[in-house]
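**Q** heads up, no residue letters with this:
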């Protein structure tokens, strides 16, 4: 059974004075739920999980689960490049009560395709939760091939993939080879194309600022309103370009600061955008009537 169908937000982590701003995150959670978002992903790439300590990540996951109160699924990002550390984080998130796990492929040390299967199966053996594999080669230097995903899915706990490879041919081949795999768009400009080949939805970055539109696009597609879904995809293209004019999550947090949703504060090594990119973001937000 799918963890969710539709639009999930890759939730940013608001900071204030270097610490997690729990007041702001409460506001963001309520904004997502009232806007129709179908699931929340906490401690993902957009949430800057790689800059958090083990305890900070678990504390944040616990806080989000408690505030959501079962209204929509909560998926915890528990990935890393040490299998034992991923198992520990995954078991911790399971004990807290999340609905699923999003686990990015090992980065820096990387591995072989066989190593990937072994890594994910080792984690899946230690939890009872459904797992979504996160394939983002531009960040990890490692690609999950369709053949490898088919091998991974021999484990009952591995149910889906967040596909951010940007390679539509690969994703089509994946859908053909793994018909039982829940495929989620990892790039906001590929949502409708991925839904058209049987995808289950999106784990979205720009859903942080346009959650209602992202949910509506998926809903329209599932209801057969294909023209409306397509138009929404086209309308959101400038926002997607603005959100990725610099390294994610620099632009999305900057735009959220402009919209007074939270502080744009980030943790090093991330730094504020250039003036040129900042002006581009302002122009895009203004064109949507958001500023």
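**A** Okay, I see it. Being a predicted model, the structure only gives us computed values, none of them experimental. Numbering: from 1, shown residues only.
**Q** Which parts of this structure are strands?
**A** Assigned by DSSP state E, the chain shows strands spanning 6-10, 15-16, 19-20, 39-42, 74-77, 100-104, 131-135, 158-163, 182-185, 201-204.
**Q** tell me the mean pLDDT over the fifth one?
**A** Put plainly, it is strand 74-77. Confidence over strand 74-77 (mean pLDDT, whole number) is 98.
**Q** what about it, distance to the chain center?
**A** Mean-position distance between strand 74-77 and its chain equals 9 Å (C-alpha atoms, centre = their mean, to the nearest Å).
**Q** What is it packed up against?
**A** strand 39-42, helix 54-68, helix 83-96, strand 100-104 (3 or more C-beta pairs under 8 Å, 6 or more residues apart in numbering; DSSP states H and E). Backbone N, C-alpha and C define where each C-beta goes, glycine included.
**Q** what does that strand contact?
**A** The contact list for strand 74-77 (C-beta atoms under 8 Å, 6 or more residues apart in numbering) reads 3-4, 8, 39-45, 47, 49, 61, 64-65, 68, 90, 93, 96, 98-104, 132, 134.
**Q** do that again at 7 Å, thanks
**A** For strand 74-77, contacts defined as C-beta atoms under 7 Å, 6 or more residues apart in numbering pick out 3, 8, 39-44, 47, 49, 61, 64-65, 68, 93, 98-102, 132.
**Q** Can you get me a residue count around the closest residue to residue 26 other than its chain neighbours?
**A** Nearest residue to residue 26, sequence neighbours excluded (C-beta to C-beta, 6 or more residues apart in numbering): residue 67, at 5.8 Å. Applying other C-beta atoms under 10 Å, we find 17 residues neighbouring residue 67.
**Q** With the one 4 residues further on instead?
**A** Other residues lying near residue 71 total 12 when counted by other C-beta under 10 Å.
**Q** If anything else comes up later, I'll come back, but that's it for now.
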